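>>> Need coordinates for the below:
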Amino acid sequence: MRPDPPKVLMGVASALLAQLAPEVKTPFGQQMASLAGMLVFIFAQEADHIVDRLHRENQAVATLLGDAAPLLADEVLRARAREAAAHGDPADLRVSTLQALNDRLRTVLVDVHAAIEETPGPDAAAMDARIWSELVESTNRRHVEALR
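Numbering: from 1, shown residues only. Next up, the predicted model:
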């Protein structure tokens, strides 16, 4: 037997929502059991998508940082952007590794984006639009399906 975390978590969520919550005697207890079921349901979806989402985001942000670096007037920030872009590939595919890389890349992206927004010219404006587009896509990647 091969354990499949998303399927196991969906089973736990289903049991909490359909079997346990109705058996709980108090409204507060029912709400807590239902909330727990919903959180497990959301985590089941995230468990199935998280590696792909983080990998895509890390690639996108590293590319943005590399492309934005030449537009940055601040030499230190330019070096940070280039360094982050150059180290955009993870050492392994563990969630903790991918998340740590994502956090580092996003920290640099925040500073780069602030600088780009203050930089005049069409190239900076185009980069600003690309950064905003990636931030929208990043939000869309975190979409959670509603319970059916």
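>>> Could you count how many residues lie near the residue lying closest to residue 108 once chain neighbours are set aside?
In this structure, residue 108 finds its nearest non-sequential neighbour in residue 84, 4.3 Å apart by CB to CB, 6 or more residues apart in numbering. Using the backbone N, CA and C atoms, a C-beta is placed for each residue, glycine as well. Using other CB atoms under 10 Å, residue 84 has 24 neighbouring residues.
>>> Check residue 102 too.
By other CB under 10 Å, the residues close to residue 102 number 18.
>>> pretty sure it is touching residue 53, no?
No: in this structure, residue 102 is not within contact of residue 53 by CB atoms under 8 Å, at 9.1 Å.
>>> low pLDDT regions in the chain?
By pLDDT under 70, the low-scoring segments of the chain are 1, 146-148.
>>> and the lengthiest helix in it, what other elements does it pack with?
Across the chain, the longest stretch assigned as helix under DSSP state H is helix 27-68. Applying 3 or more CB pairs under 8 Å, 6 or more residues apart in numbering; DSSP states H and E, we find helix 27-68 packed against helix 5-14, helix 21-23, helix 75-86, helix 95-117, helix 122-141.
>>> can you name the farthest residue from the center of the protein?
Within the chain, the residue lying farthest from the chain centre (CA atoms, centre = their mean) is residue 25, at 37.9 Å.
>>> for that one, helix, strand, or coil?
coil (DSSP: H, G, I helix; E, B strand; the rest coil).
>>> Contacts for stretch 135-148, please.
Here stretch 135-148 makes contact (CB atoms under 8 Å, 6 or more residues apart in numbering) with 17, 38, 41-42, 45-46, 49, 53, 56-57, 60.
>>> go with 6 Å
42, 45, 53, 57 (CB atoms under 6 Å, 6 or more residues apart in numbering).
>>> The helices and strands packed on helix 27-68 into CSV, with extra columns for distance to residue 68?
Listed next are the helices and strands packed on helix 27-68 as CSV, based on distance: least, CB to CB, whole Å:
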stretch, distance to residue 68
helix 5-14, 36
helix 21-23, 49
helix 75-86, 6
helix 95-117, 5
helix 122-141, 5
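>>> That's all I had, so thanks and see you.
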